[in-house]
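Participant: sequence first, predicted model second:
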Amino acid sequence: MPEKPKERRSLLETVKAPLIFSFALAFVAGFVTLIFSSGGSDNPRVEHDSAGVDNPINLALLAFGIAFIASLLIVSMLQLASRENPEELSQGAGVNRNSEELYRQQVARRREKRRSQEAEEARRAGEAPEDPPYGQRSEG
């Protein structure tokens, strides 16, 4: 979770910008389809009694829906592709992070824990540790 308090994001960082752009583009596509499918602005509108796809309003709604979905998908993907990664992703543990230092710290903690357990066991048993002190030879 982010440690920063919630900040208001700009219009370009929210979902509103792609929705507004897609709606405007879809409205233009629907309006142009309605004008062209009804015969243009010079011809009188031909009344269509059918409720099929050849009805200009149905064609306009179809063009509106297709343009809205396609433009929303494309704009959203472009917006996600251009977004910068947060700074905290480059720190800590993980596949693409600085894991070598964390691994060395874990190994050092495990070795220290093992040494302290061996020393505790040797102290309880009243024996000297099995390994000779560094720099001295073992007798035997």
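Facilitator: Perfect, I can see it now.
Participant: what are the boundaries of the strands in the chain?
Facilitator: Using DSSP state E, no strands are found in the chain.
Participant: pull out the buried positions in the helix or strand of it with the lowest mean pLDDT.
Facilitator: Lowest mean confidence among the helices and strands of the chain (mean pLDDT, DSSP states H and E): helix 99-125, at a mean of 87. The neighbour-count check on helix 99-125 (16 or more other CB atoms under 10 Å) flags nothing as buried. Just so you know, the C-beta spots here come from the backbone N, C-alpha and C atoms, and that holds for glycine as well.
Participant: now stretch 74-94
Facilitator: Neighbour-count burial for stretch 74-94 [16+ other CB under 10 Å]: 75, 79.
Participant: average pLDDT for that stretch?
Facilitator: Mean pLDDT, stretch 74-94: 75.
Participant: for stretch 31-39, same thing?
Facilitator: 87.
Participant: and Ala24, how far from Ser37?
Facilitator: 20 Å (CB to CB, to the nearest Å).
Participant: between the two, who's got more neighbours?
Facilitator: A count of neighbours by other CB atoms under 10 Å puts Ser37 above the other of Ala24 and Ser37, at 19 against 13.
Participant: contact partners for that one?
Facilitator: 56, 59-60 (CB atoms under 8 Å, 6 or more residues apart in numbering).
Participant: looking at these, spot the one nearest Ile20.
Facilitator: Nearest to Ile20 among these: Ala60, at 20.0 Å, using CB to CB.
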